[in-house]
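**Student:** Below is the sequence, then the predicted model.
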Amino acid sequence: MSMSSFTTSPPLTPNALPPATRSPSNLSEIVLSHILARPTPEILVSIFQSVTEGTIYLDESSINLLRRKIAERFPQMSSNYDHDTLRTALGHSYFERLFQVQTSREAEVQRFRTNTRTGSICEKSKTGWETVDVRNGGNLPYRALVSGVVFPVGVEISKRESYLCEEEFKEIFGMTKAEFNDLDKYVQVRLKKEKKLW
């Protein structure tokens with residue numbers, strides 16, 4: 001292959017370059033997007049204060065992005081900082097809106113944690129058995145296997161009754177494990193549901 005077979009491209013001139021995708025007027029938006037990729041509450045509050053004081057100018061979409069990031073991190077901010085400091089930095093009305101949203105979300109979470117019909121807590125409770133590992137065999141008490149608790153390590157959820165000792169199994173189901181296993185699957189499931197083991 002000779003050197004003459006290679007073609008050379010024309011020299012690179014400013015006119016040959018593609019048009020810019022971003023103009024220098026959007027530099028603040030570019031910088032802000034990089035800062036907001038992993039913002040800390042301090043940076044968010046500082047930028048917001050600078051925007052409100054007029055030291056930094058941001059276009060409307062950048063301000064909306066900043067507000068969204070502040071709203072996402074407001075629970076962390078309100079637990080780490082004095083409310084008066086945040087109110088001063090964010091402005092009274094914006095702080096109050098964020099605080100109202102946070103309060104209503106916390107109330108909603110609490111409402112879902114509590115079953116409104118029974119008044120019982122829907123979160124799984126701990127029995128003290130959750131750190132026990134039964135992958136190599138062993139028996140567990142009924143209270144460590146019922147629905148609504150954190151199960152011990154290695155428990156097969158659909159076979160919780162098999163971890164009961166023979167005496168407790170007979171007391172709960174009124175039959176031995178062998179008799180239980182001879183029943184049709186749908187009967188086993190019905191009994192397990194009745195005993196909160198399904």
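**Tutor:** Thanks, I have it. Residues are numbered from 1 along each chain as shown.
**Student:** Can you get me a residue count around residue 152?
**Tutor:** Neighbours of residue 152 under the rule other CB atoms under 10 Å: 20. Quick note: C-beta positions are derived from backbone N, CA and C, even for glycine.
**Student:** which non-adjacent residue is nearest it?
**Tutor:** The shortest distance from residue 152 to any non-neighbouring residue, by CB to CB, 6 or more residues apart in numbering, is to residue 132 (4.3 Å).
**Student:** I'd guessed residue 155 sits against residue 132; true?
**Tutor:** No - assessed by CB atoms under 8 Å, residue 155 is found out of contact with residue 132, at 9.1 Å.
**Student:** what sits in contact with each of the two?
**Tutor:** residue 140 (CB atoms under 8 Å, 6 or more residues apart in numbering).
**Student:** Relative to residue 139, how far out is the residue lying closest to residue 56 once chain neighbours are set aside?
**Tutor:** Nearest non-adjacent residue to residue 56, counting by CB to CB, 6+ apart: residue 50, 4.2 Å away. Distance from residue 50 to residue 139, counting by CB to CB, to the nearest Å: 64 Å.
**Student:** about what we covered before: which one's more surrounded, residue 155 and residue 132?
**Tutor:** A direct count of neighbours by other CB under 10 Å for residue 155 and residue 132 places residue 155 higher, at 21 against 15.
**Student:** show me what contacts the more buried one?
**Tutor:** 134, 140, 145, 163.
**Student:** Can you give me the pLDDT of the third one?
**Tutor:** Model confidence at residue 145, given as pLDDT, is 82.
**Student:** Next up, the contacts around it.
**Tutor:** Going by CB under 8 Å, 6+ apart, residue 145 touches 151, 155, 160-161, 163-164, 197.
**Student:** same thing with the last one?
**Tutor:** Residue 163 makes contacts with 134, 138-140, 145, 155, as judged by CB under 8 Å, 6+ apart.
**Student:** make it 10 Å
**Tutor:** Going by CB atoms under 10 Å, 6 or more residues apart in numbering, residue 163 touches 134, 137-142, 144-145, 151-152, 154-156, 169, 197.
**Student:** With the second one instead?
**Tutor:** Neighbouring residues of residue 140 by CB under 10 Å, 6+ apart: 127, 129, 132, 134, 151-152, 155, 160, 162-165, 168.
**Student:** Which of the residues you listed fall within helices?
**Tutor:** residue 168 (DSSP state H).
**Student:** For residue 88, state which of the contacts of residue 140 is nearest.
**Tutor:** Comparing these against residue 88 with CB to CB places residue 127 closest, at 47.3 Å.
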